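Participant: Generate coordinates for the sequence data below:
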Amino acid sequence: MGYVAATTGFFAFGAYIGRNLLPGVAFLAYLASFAALIAMQFTVRKSTQTTVALLLLFGLLIGVATAPTLVYYASTDPQALWQAGAATALFVAGFGAAGYATRRDLSALARICFWALLALIVFGIVLIFVNIPGGALIYSILGLVIFAGFIMFDFQRLRRSRDIEVAPLLAASIFLDILNVFLFFLRIFRGSR
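Facilitator: Numbers count the residues shown, from 1 in each chain. Here you go, the predicted structure:
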């Protein structure tokens, strides 16, 4: 969990330095962050230090990428940020504890969540072109359900993992779970006003 905390710190720093950047730069940072995430897959067995450096770079870049969104919410509805943060903490604590404590293998749940996530992405693309009443709320709630499964699975992996080399990859996965849950809650709390 130390890697998750460090990544969160770099995320916060990235959001701070990216708060005044143009949206085009944020998009480039978004692409670069996923390049760092993919590069981690190749360095995990070769160099733990390089993998950790890529993890921190990923946190920094995804912070820069989400900075315009966070600045927008901070300027238009700062209460939504606080509510989303608190709801995310409770959500992750609850589902993380459930995943950590359960003895049943959650690998099948992870596969279901993966396919559900792909379906959610398709639904999100449809929402761009088709106006569905309450579509954004449905999208966010479905996203929370899917990431509840991912959080449970990742926390179970955290309990079972004995290989220190894969710890940065697991930290990246948990960090992405938390970030996505936060963004879904942000949409829900902003949409309720």
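Participant: Let me see the ranges of the helices in the protein.
Facilitator: For the chain, the helices defined by DSSP state H occupy 2-17, 23-43, 48-76, 78-101, 107-129, 135-160, 167-191.
Participant: Output the first one as CSV, nothing but the C-alphas.
Facilitator: Put plainly, it is helix 2-17. Only the C-alpha atoms of helix 2-17 are listed here, as CSV (Å, rounded to 0.1, in the frame of the first residue of the first chain):
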residue,chain,number,x,y,z
GLY,A,2,3.1,2.2,0.3
TYR,A,3,3.3,2.2,-3.5
VAL,A,4,-0.3,3.3,-3.8
ALA,A,5,0.3,6.2,-1.3
ALA,A,6,3.4,7.3,-3.2
THR,A,7,1.5,7.1,-6.5
THR,A,8,-1.3,9.2,-5.0
GLY,A,9,1.3,11.8,-3.8
PHE,A,10,2.7,12.0,-7.4
PHE,A,11,-0.8,12.2,-8.7
ALA,A,12,-1.6,15.2,-6.4
PHE,A,13,1.7,16.8,-7.5
GLY,A,14,0.8,16.2,-11.2
ALA,A,15,-2.7,17.7,-10.6
TYR,A,16,-1.1,20.7,-9.0
ILE,A,17,1.4,21.4,-11.8
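Participant: Contacts made by that helix with the rest, please.
Facilitator: Contacts to helix 2-17, defined as CB atoms under 8 Å, 6 or more residues apart in numbering, come from residues 29, 52, 55-67, 70, 167-168, 170-172, 174-175, 178-179. In short, each C-beta sits where N, CA and C put it, glycine included.
Participant: Check which residues of that helix are buried.
Facilitator: Of the residues in helix 2-17, 3-4, 6-8, 10-11, 14-15 count as buried by neighbour count, 16 or more other CB atoms under 10 Å.
Participant: Over to the longest one?
Facilitator: Residues of helix 48-76 classed as buried: 51-68, 70, 73 (neighbour count, 16+ other CB under 10 Å).
Participant: Please apply the same query to the last one.
Facilitator: For helix 167-191, burial by neighbour count (16+ other CB under 10 Å) applies to 167-190.
Participant: what pLDDT does the closest residue to residue 109 other than its chain neighbours get?
Facilitator: Spatially, and ignoring its direct neighbours in sequence, residue 109 is nearest to residue 149 (5.0 Å; CB to CB, 6 or more residues apart in numbering). pLDDT for residue 149: 95.
Participant: Distance of residue 149 relative to residue 87?
Facilitator: 17 Å (CB to CB, to the nearest Å).
Participant: Got phi/psi on the closest residue to residue 138 other than its chain neighbours?
Facilitator: Leaving out its chain neighbours, the residue that sits closest to residue 138 by CB to CB, 6+ apart is residue 132, at 7.4 Å. Here is the backbone geometry of residue 132 (degrees, to the nearest 10): phi -110, psi 120.
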